[in-house]
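Visitor: Sequence below, structure please.
(chains A, B and C)
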Amino acid sequence: MSKLNLTRRGVLKSGAVAGAGVALPTIFTAQSVAAHTNEPTGSTVTLGFNVPQTGPYADEGADELRAYELAVEHLNGGGDGGMMNTFSSKALQGNGILGKKVEYVTGDTQTKSDAARASAKSMIEKDGAVMITGGSSSGVAVAVQALCQEAGVIFMAGLTHSNDTTGKDRRANGFRHFFNSYMSGAALAPVLEKMYGSDRKAYHLTADYNWGYTTEEAVKSSTEAMGWETVNTVKTPLTQTDFSSYIAPVLQSGADVLVLNHYGGNMVNSLTNAVQFGLREKQVNGKNFEIVVPLYSRLMAKGAGANVKGIFGSTNWHWSLQDEGSKAFVKSFGTKYGFPPSQAAHTTYVQTLLYADAVERAGSFAPCAVAAALEDYEFDGLGNGKTLYRGDDHQCFKDVLVVKGKENPTSEFDLLEIVEVTPAAQVTYAPDHPQFSGGALGTCNNGA
Amino acid sequence: MEAIILQILNGLDKGSAYALIALGLTLIFGTLGVVNFAHGALFMIGAFCAVTLSRILTWSHTVIDETRTDFLGNPLKVEVPYVHDIFGVATGDAIIDWAVPLAILFSIPVMLFVGWAMERGLIKHFYKRPHADQILVTFGLAIVMQEIIKYYYGANPIPTPAPSAFTGSFDFGAMLGMAENQIIYPYWRLVYFAFATVIIGAVFAFLQFTTFGMVVRAGMADRETVGLLGINIDKRFTIMFGLAAAVAGLAGVMYAPINSPNYHMGMDFLVLSFVVVVVGGMGSLPGAVLAGFLLGILESFASMSIVIDLIPGINQIIIYLVAIIILLTRPRGLMGRKGVMED
Amino acid sequence: MFGLDKKDAKLLLIVAALVLFAPFLLNPFPTDSAMAQFNAGYPDLMQRFVIFGIFAIGFNILFGLTGYLSFGHAAFLGVGSYSAVWMFKLLSMNVVPAIILSVIVSGLFAVVIGYVSLRRSGIYFSILTLAFAQMSFALAYSVLTPITGGETGLQLALDDPRILGVAQTEGGNIPVPGIFGLEMRSTAELAIGPWEFVFNVGYYFSGILMLAAFYLAIRIFRSPFGMMLRAVKSNQQRMSYTGLNPKPYTLAAFVISGMYAGLAGGLMAAMDPLAGAERMFWTASGEVVLMTILGGVGTLIGPVLGAGAIKYMENIISKINSEILHGWFAFMPDGLEDLIVALIYPFIGKGWHLTLGIIFMLVVIFLPGGLVEGGQKIARLFGRKKAADDETPGKSTEPAE
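Guide: Numbers count the residues shown, from 1 in each chain, chains lettered A, B, ... in the order given. As a prediction, this is how the structure comes out:
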């Protein structure tokens, strides 16, 4: 454990005071010695991995943590190097970051914004973390991103899909590699049109919180644009576990498509309930009744079991992709842990590499320098094809996958199959798109 | 009209789950005077009995299939359940398919044992302790049980489907001469409702018509006097605790196909089940059942989109709102007795 | 001293000394040692200790004295936080008006909820408070999103219409909360040899308020009013027969304890200007109940100890991961190291809940009076009577059955 100055500002450098000498505390010094918060001065640099370790997303958090450990191993020159070999930038040498060995601390977000901020704060204040990353929900991502902005460290978001993270709640110190609700809608609509036709009546069940709202809006507007009609949208409480009373009226409404804007446990339960009601065997308006899940994850697919078969959705990345980057990542992750990585693992691994690479290219750990190196940076070889980290909102633009629940899975990880890789151009939007309005990045903060 | 019939069906189904849990909780609450925060965990353990049995039935050995490869390009390892080897593929699959109903038999001894062990090992020492201590110790126990399950099964929900004979839904509307698909209801939920009715009926019959039940009811009403009569009420209370655990466990087993079990499903139900019990009235078994169905039906009505459009957010708070109204108009809930847990 | 008798004054001084020297007491291990993992002396956690201490002290005024078990106290904490953040957004980044408003608003909230809920007693009262808190949570998370920020919580933005003060700092950032220009996050650091100690403005600000809250609690415990509240607990009927109406006393206790919770909520927002709806979830209400019972119901210092213990577990034990464990036991032979790590691992890091559950059970089984009783036992072991508390915990909490 190496711990450096603990504070954000007003730092008395500790190194100078050696031995038994008692330093007089100069309280509230305005001048600072460090150039930025938690500037690493020793031979190591500490990253903070803040993931859910308890609560419903604990398994997703565990997978993120595996990916982080793998990334740290690769950055320090261990293992087979994974995606560092396929990454278009060759700045990373396998000797840590800027020659400093990468160390890390972990914390538990509990998928609660308060707990996540407490954990991130302890990493910044106690452990001297210079970058915080991770998380498995948008509420947590937005909360921690704001904290990192204030504290003057970089935040590399983990799994967060709400438009708000890089929309109305965007921050200059925060970066998101994961895709968002808008992209899901834009990628799904053409596939849905091709599969189910343009004359459909959709019924939305939406989780009653921010992520649900943005996803509903995105899917609704992109499906309506191709001619679908939205029959009804109903909000369901977050704490709901039994969705029968929401699903039962669907058929009466005359709808022939059910869109489940749910994530995690909500999605597992609502999908299971919908399939139980036999919706998928029904004929409405002379068409087969269909169910759509805008955001898929493998863990959710696993929880819903056979119910996902044939159901369309979108995902950020999938291990069956055949590009060199994905293959290299799947190989090193699979060799180390014995099963293929999830999309959460992929995005967190990539975020760590991207951060390290940006530091190398900037030649500094200072958040503003790192942010400048990431902004409008184009790269390739990390899965998802050619990718742009847009400077206007710190969102990555890359290919989005439309997937379908697999009919005959060969293992418990082989649950989804890729239907289409939607090119980045098709999911790109203007920075001032109405679904993303109302926020401003502000200026980057170096902290101390 | 169709919508209302449908939501009544829904409410009965939801209500039967609430009623089953509340019934077990009242048995402990009302008879033993113990605030059992681990009751939700018992429900969860019941559901995991179903998961465990289906794990046991699908216990497999691996066979290497050279013709196919896994994600790393190595030959694919195919899991072959032992039941396939023993009974052949067709019978084996049928047994696996029926894991949940079979788990009923599996869970009864497990839950009776868990209940017995809890009461003898822990709860027994807390009858005379303040409710605050009971809350702390049972909450601690609930966390421990939860974490043990999480350690072995992970945090992700585990799909535990009903037998394929029960998939799909029954068209009530067509039966009543309405158009197709107006009132449909899944078979398994109908089974759940019927099952709950049978269990509730059995518990009542047991308490009403057996000597044992008579003594326990007497003990609920006046424990000291029953003790003075020379009846060993403690032993009977142990059995009651086991019974309550079994009721909670059975509710959990049958619930597994409705929502994939996960380790914190007990906590999700805990608060709700306390509300149901209190709305029903402390110490009243019929009250608990009545409140369970009442809240289930009202919750279903509140989730109709016309109602939500009229009063936004009503579906979020209906249960609590009803609880407040009932407790303010009827001081001891629907059927509560005077003096039980009122101080 | 301060109108307290000698024993209470001593207790107050001890607590004041603990608060003052916490940065030293909580950082007992040199920063480069393996034990540094257990250091808790960093600003955020120290702030949490005293803030949750205030919350638990307030809860204990209601529960410890009157025996009324509120299961919805987190609602007041949440309301306090929301009011404080709105004050930051609309008025000024100064914490004083924010905290005053949060105490007032949560007090008003407590009057309404208390007035309704106190019409019932026992478990019926608990369920009523629980129902109000759950309704607040559910609405704040969903339909009230424009006021509460919903899932992402209520936070400051770059375009807040702050009347007194600027919307953005010169650097283009959101200003941070402070007291008359002194930022809550300002920190000074003292290094003595390999030790490092951190002194944070926000911590001392909260610490002073906690001492004030603690002092007030002692006064309430010792006052005739406190006597009345105890009478409510021991026998309400007898109290009414003597011609006293218990209702106003209980309501007053409820409102006071709601205001304590509001103060805690306001302070949380002052330390970290974000208010999330989960603060009002029933588990948060349950947490303060557990803190109070764990520490010792009805004792003065108990709730503070309970709050500290739970927050310590949440923030320190949860951060120990397998890599750190391997680091600790690296001196052992490989096989033994792996074995020891495998044995400990389920209880730390992601398994911190398990440790918490086990501690709850152990404490309540072996120390019926909570941690305070543990302290008394230890003190007795060393042959001197500890005069920290006047109550005999455990017995005093016996509800009338």
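Visitor: Where does the prediction get shaky in the stretch 301-401 of chain C?
Guide: Applying pLDDT under 70 to the stretch 301-401 of chain C picks out residues C:383-401.
Visitor: so who does the closest residue in space to residue B:57 that isn't next to it in sequence touch?
Guide: Of all residues not flanking residue B:57 in the chain, residue B:96 sits nearest, at 5.0 Å (Cβ to Cβ, 6 or more residues apart in numbering or on different chains). Every residue, glycine included, has its C-beta placed from N, CA and C. By Cβ atoms under 8 Å, 6 or more residues apart in numbering or on different chains, the residues touching residue B:96 are B:54, B:57, B:58, B:81, B:83.
Visitor: Residue A:76 is in contact with residue A:97, correct?
Guide: No: Residue A:97 sits out of contact with residue A:76 when judged by Cβ atoms under 8 Å, with a separation of 9.2 Å.
Visitor: Compare neighbour counts for these two and give me the winner.
Guide: residue A:97 (26 against 17; other Cβ atoms under 10 Å in any protein chain shown).
Visitor: Got the phi and psi for the more buried one?
Guide: Residue A:97 adopts backbone torsions of phi -110, psi 120, taken as degrees, to the nearest 10.
Visitor: And the closest residue to it other than its chain neighbours, how far from residue A:317?
Guide: Excluding its sequence neighbours, the residue lying closest to residue A:97 (Cβ to Cβ, 6+ apart) is residue A:356, at 4.7 Å. Distance of residue A:356 to residue A:317, computed by Cβ to Cβ, to the nearest Å: 19 Å.
Visitor: okay, these two: which has more neighbours?
Guide: Comparing residue A:356 with residue A:317 by other Cβ under 10 Å, the one with more neighbours is residue A:317, at 28 against 25.
Visitor: other SSEs contacting the strand or helix carrying residue C:340?
Guide: Assessed by DSSP states H and E, residue C:340 sits inside helix C:334-344. Helix C:334-344 is packed against helix C:322-328, with contacts defined by 3 or more Cβ pairs under 8 Å, 6 or more residues apart in numbering or on different chains; DSSP states H and E.
Visitor: Report the buried residues of the helix it packs on.
Guide: Buried residues in helix C:322-328, counted by 16 or more other Cβ atoms under 10 Å in any protein chain shown: C:322, C:324, C:325, C:328.
Visitor: For that helix, output the C-alpha coordinates as CSV.
Guide: Output of helix C:322-328 as CSV, limited to C-alpha atoms (Å, rounded to 0.1, in the frame of the first residue of the first chain):
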residue,chain,number,x,y,z
SER,C,322,-8.0,-10.5,-1.8
GLU,C,323,-4.9,-8.8,-3.1
ILE,C,324,-4.5,-6.9,0.2
LEU,C,325,-5.1,-10.2,2.1
HIS,C,326,-2.4,-11.9,0.1
GLY,C,327,-0.1,-8.9,0.9
TRP,C,328,-0.7,-9.3,4.6
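Visitor: Does that helix reach chain A?
Guide: Yes: judged by Cβ under 8 Å from any Cβ of the partner chain, helix C:322-328 comes into contact with chain A through C:323, C:324, C:327.
Visitor: Not counting residues beside it along the chain, what's closest to residue 326?
Guide: No chain was given, so I picked chain A. Spatial nearest neighbour of residue A:326, excluding adjacent residues (Cβ to Cβ, 6+ apart): residue A:383 at 4.2 Å.
Visitor: that's the wrong chain, I meant chain B
Guide: In this structure, residue B:326 finds its nearest non-sequential neighbour in residue B:279, 5.3 Å apart by Cβ to Cβ, 6+ apart.
Visitor: A helix includes the one you found, no?
Guide: Yes: secondary structure of residue B:279 (DSSP: H, G, I helix; E, B strand; the rest coil): part of a helix.
Visitor: Pull the contacting residues for it.
Guide: Contact partners of residue B:279, counting by Cβ under 8 Å, 6+ apart, are B:287, B:291, B:294, B:295, B:322, B:323, B:326, B:327, B:333, B:334, C:127.
Visitor: which parts of the stretch 151-300 of chain B sit against chain A?
Guide: Near chain A, when you scan the stretch 151-300 of chain B using Cβ under 8 Å from any Cβ, you find B:154-159, B:161, B:167-169, B:181-182, B:184-186, B:188-189, B:257-260, B:262, B:264-265, B:268-269, B:299-300.
Visitor: What about the contacts of residue B:96, which one has the most neighbours?
Guide: That'd be residue B:54 among those, by other Cβ under 10 Å, with 22 neighbours.
Visitor: thought that residue was touching residue B:98?
Guide: No: using Cβ under 8 Å, residue B:54 makes no contact with residue B:98, being 9.7 Å away.
Visitor: Can you verify the residue nearest to residue B:57 is assigned to a helix?
Guide: Yes: assignment of residue B:96 by three-state DSSP places it within a helix.
Visitor: By residue count, which helix of chain C is the longest?
Guide: Identified as the longest helix of chain C according to DSSP state H is helix C:246-271.
Visitor: go on, chain B?
Guide: Counting by DSSP H, the longest helix found in chain B is helix B:2-26.
Visitor: Contacts (any at all) between chain C and it?
Guide: No: Helix B:2-26 stays clear of chain C (Cβ under 8 Å from any Cβ), getting no nearer than 11.7 Å.
Visitor: Return the list of helices and strands in contact with the following helix or strand past that helix.
Guide: Using DSSP H and E, the helix or strand that directly follows helix B:2-26 along the chain is helix B:39-57. Counting contacts by 3+ Cβ pairs under 8 Å, 6+ apart, helix B:39-57 packs against helix B:2-26, helix B:89-97, helix B:99-121, helix B:131-153, helix B:233-255, helix B:265-280.
Visitor: Give me the mean pLDDT for helix B:39-57.
Guide: Across helix B:39-57, pLDDT averages out at 94.
Visitor: Now chain B against chain A: closest residue?
Guide: Using Cβ to the nearest Cβ, the closest approach of chain B to chain A is made by residue B:159 at 2.7 Å.
Visitor: picking that back up, got the helices and strands packed on helix B:39-57 as JSON lines, with mean pLDDT columns?
Guide: Output for these, formatted as JSON lines (pLDDT from 0 to 100):
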{"stretch": "helix B:2-26", "mean pLDDT": "89"}
{"stretch": "helix B:89-97", "mean pLDDT": "86"}
{"stretch": "helix B:99-121", "mean pLDDT": "93"}
{"stretch": "helix B:131-153", "mean pLDDT": "90"}
{"stretch": "helix B:233-255", "mean pLDDT": "89"}
{"stretch": "helix B:265-280", "mean pLDDT": "89"}
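Visitor: Let me know which of those helices is tucked in deepest.
Guide: Compared across these, helix B:265-280 shows the largest average neighbour count, a mean of 27 (mean count of other Cβ atoms under 10 Å in any protein chain shown).
Visitor: Quick one: residues contacting the residue nearest the centre of chain C.
Guide: Nearest to the mean C-alpha position of chain C, by Cα atoms, centre = their mean, lies residue C:52 at 1.3 Å. Contacts for residue C:52 (Cβ under 8 Å, 6+ apart) come out as C:264, C:288, C:291, C:307, C:308, C:310, C:311.
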